[in-house]
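Enquirer: this is a predicted model, with the sequence first.
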Amino acid sequence: MGESVSLKDIAKACNVSVSTVSKAMNDRADVSSAKKEEIRRVAREMNYVPNYMASALKNQYTRNIGVILAEEAGQGLTHEHFAKILNSFKDTVEERGYVITFLNTSNSPSRFSYMKQCQYMKYDGVLVVCADFHQKELDELLSSNIPVVVIDHTLKKHVNIASNQYGDMRRLMQFVFDRGHRKIAYIHGKNSEVTRGRLSAYLDFMNEHHLQVPKEYVYTCPYRDVERANALTKAVLALPNRPTCILYPDDLAAISGLGVMQEMGVRVPEDISIAGYDGISIAGIVRPRLTTIRQDTVSIGIQAGNKLINRIEFPGIGIDGETVTVDSMVEPGESVGVVKKA
């Protein structure tokens with residue numbers, strides 16, 4: 001057969017109508033199971049490839065979902081936390097017959113805006129994994145009628161799938177507190193909705209338990225910025241009133257800080273305790289194993305996929321903003337020790 005096999009060709013080979021072939025290929029109930037199997041077998045033998053663009057024009061869906069991943073560290077798909085969410089999201093939407101395509105987020109002067117890319121590719125919806133929400137082009141997309149789901153950012157119009165930043169941080173604080181720590185320093189990420197939730201939980205917990213928070217116990221470090229994490233680790237270790245535990249913005253920063261401590265001869269957790277955030281794979285490989293918050297990336301991806309497709313297929317149902325909160329868990333590890341009472 002030639003490269004392009006049509007439904008008409010299959011219908012002729014099976015001695016049925018084109019509409020019967022179409023119904024069989026779409027698993028319609030008004031075609032018998034035996035006839036469906038015969039038509040599908042012939043289609044396979046003829047190397048038939050469905051024309052999804054033609055189907056899209058007929059059904060008003062392309063079954064193509066756009067993904068925006070523009071995180072500030074520039075690590076893209078090597079960023080394990082986002083990669084795990086995307087893997088779960090991809091599996092979820094593919095099970096429901098959709099495919100994903102990444103939008104161009106480069107700084108190229110010839111790059112189309114997000115909105116133009118969506119119009120050109122005819123995306124049914126968009127997942128925003130990470131982006132600068134102050135960008136005008138992103139605001140243009142969010143103001144449109146295209147269904148959008150975002151990760152960890154509340155919006156009035158769209159769906160936000162969020163880790164329970166405040167609650168998860170409180171769980172980590174409680175774990176550290178229960179092990180006797182009262183002098184707890186926090187190196188947190190740059191200002192964002194994620195950071196604000198975690199920092200609020202830290203400050204509220206310290207205040208509720210009447211624990212002092214010296215200004216030299218709280219520092220800002222961009223997420224996954226190991227150089228600044230190393231510098232701040234040294235600064236905290238040099239304090240005359242050294243904390244007994246340091247909380248880091250993410251696991252990579254914590255592991256880098258651990259390396260600095262080991263080079264300085266500071267033992268973890270005997271001399272000082274540390275904890276990270278995210279639950280990436282290496283957290284369980286380093287020694288001592290890192291105490292951290294393990295975010296449920298699988299559930300985040302599943303929720304994002306299902307919520308986005310529901311908004312695509314049932315546009316009249318979801319018109320207001322919605323936040324789905326996903327709880328994480330404390331991974332005890334070995335890097336937070338028990339403080340011995342004097």
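Expert: Received it, and whenever you're ready, just let me know what you need.

Enquirer: where does pLDDT dip in the stretch 51-200 of the chain?
Expert: Applying pLDDT under 70 to the stretch 51-200 of the chain flags residues 51-59.

Enquirer: the closest residue to L308 other than its chain neighbours: what secondary structure?
Expert: Leaving out its chain neighbours, the residue that sits closest to L308 by C-beta to C-beta, 6 or more residues apart in numbering is V149, at 4.3 Å. To be clear about C-beta, it is placed using only N, CA and C from the backbone, and glycine gets the same treatment. When classified by DSSP: H, G, I helix; E, B strand; the rest coil, V149 comes out as strand.

Enquirer: domain ranges for the chain?
Expert: What automatic domain parsing lists as the domains of the chain is 7-50, 64-163+298-328, 165-294.

Enquirer: of those domains, which is nearest E334?
Expert: Among these, the nearest to E334 by C-beta to C-beta is domain 165-294 (3.7 Å).

Enquirer: identify whichever of the domains of the chain lies nearest to V339.
Expert: Nearest to V339, of the domains of the chain and by C-beta to C-beta, is domain 165-294 at 3.2 Å.

Enquirer: ok now the closest one, how far from the chain's centre?
Expert: Centroid displacement of domain 165-294 relative to its chain, using C-alpha atoms, centre = their mean, to the nearest Å, is 22 Å.

Enquirer: repeat for stretch 313-320
Expert: From the chain centre to the centre of stretch 313-320 is a distance of 23 Å (C-alpha atoms, centre = their mean).

Enquirer: span of it from start to end?
Expert: Counting by C-alpha to C-alpha, to the nearest Å, you get 16 Å between the two ends of stretch 313-320.

Enquirer: same check, this time on stretch 153-161
Expert: End to end - C-alpha to C-alpha - stretch 153-161 spans 8 Å.

Enquirer: what comes up buried for that stretch?
Expert: H153, L155, H158, V159, N160, I161 (16 or more other C-beta atoms under 10 Å).

Enquirer: out of those residues, who's nearest N87?
Expert: Of all these, the one with the least separation from N87 (C-beta to C-beta) is I161, at 14.7 Å.

Enquirer: check which helix or strand that closest one maps to.
Expert: Assigned by DSSP states H and E, I161 falls within strand 159-163.

Enquirer: packing partners of that strand?
Expert: Other elements packing on strand 159-163 under the criterion 3 or more C-beta pairs under 8 Å, 6 or more residues apart in numbering; DSSP states H and E are strand 148-151, helix 297-313, strand 322-326.

Enquirer: and it, how far from the chain's centre?
Expert: Distance, stretch centre to chain centre, for strand 159-163: 9 Å (C-alpha atoms, centre = their mean).

Enquirer: that one: partners in the sheet, and parallel or antiparallel?
Expert: Sheet pairing of strand 159-163 (DSSP bridges) gives strand 148-151 (parallel), strand 322-326 (parallel).

Enquirer: show the subsequent helix or strand relative to that strand.
Expert: Heading C-terminal from strand 159-163 (DSSP H and E), you reach helix 165-178.

Enquirer: strand 159-163 and that next one, what's the angle between them?
Expert: With axes from the mean of the first three to the mean of the last three C-alpha atoms, to 10 degrees defining the directions, helix 165-178 sits at 10 degrees from strand 159-163.

Enquirer: so what touches helix 165-178?
Expert: Residues from elsewhere that reach helix 165-178 (C-beta atoms under 8 Å, 6 or more residues apart in numbering): 152, 184, 193-194, 197-198, 200-202, 204-206, 209, 245, 247, 273, 275, 277, 291, 293, 295, 325, 327-330, 332, 336.

Enquirer: fine by me, thanks again.
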